[in-house]
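In: need a structure here:
(2 chains, ligands or ions: 2)
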There are 2 protein chains.
Amino acid sequence: MTEGSDDIQALIALMARLPGLGPRSARRIVLSLIRKRAGQMTQLAQLLDSVATSSRECLTCGNITDRDECAICTDPARANGEICVVQDVADLWALERGNAFRGRYHVLGGTLSALDEIGPDDLGIPALIDRIHRDGISEVILALNATVDGQTTAHYIADALADSKVSVTGLAQGVPIGGELDYLDDGTISAALRARRRI
Amino acid sequence: MTEGSDDIQALIALMARLPGLGPRSARRIVLSLIRKRAGQMTQLAQLLDSVATSSRECLTCGNITDRDECAICTDPARANGEICVVQDVADLWALERGNAFRGRYHVLGGTLSALDEIGPDDLGIPALIDRIHRDGISEVILALNATVDGQTTAHYIADALADSKVSVTGLAQGVPIGGELDYLDDGTISAALRARRRI
Ligand SMILES: [Zn+2]
Ligand SMILES: [Zn+2]
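Out: Numbers count the residues shown, from 1 in each chain, chains lettered A, B, ... in the order given. Ligands and ions are numbered 1, 2, ... in the order given. Predicted structure coming up:
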């Protein structure tokens, strides 16, 4: 038993499986927590327990919340006519940090994938189409990743809405703010060039 | 409230302060935990709570343990005549992973530092010298970092034992200049330990 106690070893092993961590960073974190245990570690345990108990998916949009409906779906100040469709809750959080969108969201929880046998029903796309019609949505923004699966999913949803009056849009592709051309992949540069605009 | 609930935001903020993490990696970890909450998150909360409650310093060597004395100090199979002095518990763990040392340890908890006004008493060096004489130690291995403060500390301890019959050794060169033990691969540490030499 190298690391102090069975519990410490189990804690390091569990931490090491978290995304972006490994045995070395898990050991550093656990040692740092033990050194400051009175405060940080107990607080972390309590928050983890509380979040584990209370977190669930918003019944309307799929965002993570501690109530039936999330703070965005129940916010009367947000526009009802626009839905932004994202793959993942992390994307919703990123858009909210950008603070540029004031409508509602829909979290798919994944993308269509022939390889992984993920179809429209697995992602609840029929329910999304129903929601769009039922709520009288005028614009659907498909904020999906610029990957093959992301764009396949975007095109599938756009096709399903082609016969309606709903306006379907996607994020602009281009050079990120502060981005240096030399560090961008060729596809991004080509897309930015094709979408060039007068300044 | 961007991220789901107040507790989720507090959890991300707390995680982001852990060594090696930041807001982005903390968000990824918390989202990943929420997705698998039934298992991983509750287990993590319980282990953190258990470790926070039970962890303490070994009364003999300063290693982290969940008892009065650590598993190394109470292991009858380990050699009593050798003490390996390390700066930090992380270094003790690293040496144990290398599996080349079968004696006992002493964790200083820091190094002498004129700048930070850390003197011999702050590190319990007089108590270490007492322990070395009381336990009839024949060899003291100073496995301290190859930094200025680490080597100053090693020379201080070697000087304090100069008039005794105790053999004082240090890790062989192989530990890179400025290198910290916790960041070395296990094989390098083992090789440096086996080739240890008199200081
Ligand atoms: Zn919602
Ligand atoms: Zn001990």
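
In: now the helix ranked longest in chain A, how far from the chain's geometric center?
Out: For chain A, the helix that runs over the most residues, judged by DSSP state H, is helix A:40-54. Here the centre of helix A:40-54 is set off from its chain's centre by 22 Å, with Cα atoms, centre = their mean, to the nearest Å.

In: now stretch A:66-79
Out: Average the C-alpha atoms of stretch A:66-79, do the same for its chain, and the two points are 17 Å apart (Cα atoms, centre = their mean).

In: And the average pLDDT for it is what?
Out: This predicted structure assigns stretch A:66-79 an average pLDDT of 92.

In: do stretch A:87-104 as well
Out: Confidence over stretch A:87-104, taken as the mean pLDDT, stands at 86.

In: Give the phi and psi angles for residue A:60, as a check.
Out: Backbone geometry at residue A:60, expressed as degrees, to the nearest 10, gives phi -90, psi -50.

In: count of residues packed around the residue nearest to it when sequence neighbours are not counted?
Out: Counting by Cβ to Cβ, 6 or more residues apart in numbering or on different chains, residue A:60 lies nearest to residue A:73, which is 4.5 Å off, once chain neighbours are set aside. C-betas here are computed from N, CA, C, even on glycine. Other residues near residue A:73 number 18, with proximity taken as other Cβ atoms under 10 Å in any protein chain shown.

In: likewise the one 5 residues further on?
Out: Taking other Cβ under 10 Å as the criterion, the count of residues near residue A:78 is 15.

In: ok, so what distance separates the residue lying closest to it once chain neighbours are set aside from residue A:77?
Out: For residue A:78, ignoring the flanking residues on the chain, the nearest one in space by Cβ to Cβ, 6+ apart is residue A:102 at 5.4 Å. Between residue A:102 and residue A:77 the distance is 8 Å, computed by Cβ to Cβ, to the nearest Å.

In: before we move on, what about residue A:52?
Out: Applying Cβ to Cβ, the value for residue A:52 to residue A:77 is 31 Å.

In: so what's residue A:19 up against?
Out: Under the criterion of Cβ atoms under 8 Å, 6 or more residues apart in numbering or on different chains, the contact partners of residue A:19 comprise B:25, B:28-29, B:32.

In: Name the member of those with the most neighbours.
Out: Sorting the contacts of residue A:19 by how many neighbours each has (other Cβ under 10 Å) puts residue B:29 first, at 21 neighbours.

In: Report the contact partners of the residue of chain A found nearest ligand 2.
Out: In chain A, the residue found nearest to ligand 2 is residue A:4; the distance is 10.0 Å by Cβ to the ion. When contacts are counted by Cβ under 8 Å, 6+ apart, residue A:4 touches A:34, B:55, B:63-66, B:70, B:89.
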